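In: 3D model of this:
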Amino acid sequence: MDPIRKADAQELLKPYIDRLHKVIVGKINYYFSGPAYSGVRHEHSSRSDASICHDLIKKGLEAEFEETSSVRFTKKRGLFIMVIKDTIVLRFNKFNKKLLSGGINTQQAMSLNLQDLTQLELDGMPPDALLHVGYIPNALETGVGQIHVAYRYGNDNVWTWDITSTEYVSDVLPFTGSAKEKPSRRKPKIKGKDKNVGDINAGDI
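Out: Got it, this is the predicted structure:
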């Protein structure tokens, strides 16, 4: 399976990207700077911040796209994803500075990172084009600092798309893997003991 081209992904997402941006910015800013959480947010860990933001964005997306026939949502085993035109699968995360999501390396997480949707046992999933949509808080943690769409393979991004501003322009990161490299159809083996704590949703927004 070849990586989806950035230009193709941009074209497919063009009718939806403004609405995605609006939901993410609105919900994250609501959490970090709105009055609802101002009295208790200082007591939360980063993991709690990410979990609450995940719930807020999930509800926001479902409400925003409720009547959009080309969009559907799937929830299974703690995984929340958005499917557009039965072609692109979007997963929503909090990103680190390398524009990668965190979380423990479970079987499910490893399959996602290797673009191996067949391992997830989700009915009606498109065969490829899993993209990660993530945010990074600003330096003061008062709201959104950056928002990116990324095509991830393993521990690297094939390309990223900066949608922080309404310009939606970014440079393409080079794909460092072999052109013939494809996600494994076998179940990945976890070597050693992972030192991270929490579950797969700890890195989700």
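In: residues touching Arg91, list them.
Out: In this structure, Arg91 makes contact with 79-82, 101, 112, 130-133, 204, judged by Cβ atoms under 8 Å, 6 or more residues apart in numbering. Placement of C-beta: from N, CA and C, glycine included.
In: Just the buried ones out of those, please.
Out: In terms of neighbour count (16 or more other Cβ atoms under 10 Å), the buried residues within these are 79-82, 101, 112, 130-133, 204.
In: Looking at those, which one is closest to Lys22?
Out: Val133 (12.9 Å; Cβ to Cβ).
In: and the next element down the chain from the host helix or strand of that closest one?
Out: Secondary structure here is read from DSSP states H and E; on that basis Val133 sits in strand 130-137. Using DSSP H and E, the helix or strand that follows strand 130-137 towards the C-terminus is strand 144-153.
In: Starting from that next one, tell me which strands it pairs with and how they run.
Out: Counting by DSSP bridges, the strands paired with strand 144-153 are strand 130-137 (antiparallel), strand 156-162 (antiparallel).
In: for the strand holding Val133, what is the average pLDDT?
Out: Averaged across strand 130-137, pLDDT comes to 93.
In: and if you look at stretch 73-87?
Out: Stretch 73-87 carries an average pLDDT of 85.
In: Need the three-state assignment for Phe80.
Out: Three states are possible here, and by DSSP: H, G, I helix; E, B strand; the rest coil the one that applies to Phe80 is strand.
In: Identify the spatial nearest neighbour of Leu130, chain neighbours not counted.
Out: Spatial nearest neighbour of Leu130, excluding adjacent residues (Cβ to Cβ, 6 or more residues apart in numbering): Val89 at 4.6 Å.
In: doesn't the one you found fall inside a strand?
Out: Yes. Secondary structure assignment (three-state DSSP) places Val89 inside a strand.
In: Look up how far Val83 lies from it.
Out: 6 Å (Cβ to Cβ, to the nearest Å).
In: which one of the two has more residues nearby?
Out: For Val89 versus Val83, the count of surrounding residues by other Cβ atoms under 10 Å is larger for Val89: 23 against 19.
In: Pretty sure the more buried one sits against Ala129.
Out: Yes. Taking contact to mean Cβ atoms under 8 Å, the distance of 6.3 Å between Val89 and Ala129 places them in contact.
In: model confidence over the helix ranked longest in the chain, on average?
Out: Secondary structure assigned by DSSP state H gives helix 46-64 as the longest helix of the chain. Mean pLDDT, computed over helix 46-64, is 94.
In: buried sites along it?
Out: Within helix 46-64, the residues scored as buried using 16+ other Cβ under 10 Å are 47, 49-54, 56-58, 60-61, 64.
In: Show me which of the residues you listed is closest to His148.
Out: Comparing every one of the buried residues of helix 46-64 with His148 (Cβ to Cβ), the shortest separation belongs to Ile57, at 14.6 Å.
In: dump the residue contacts of that closest one.
Out: For Ile57, the contacting residues are 23-24, 27-28, 92, 205, taking Cβ under 8 Å, 6+ apart as the criterion.
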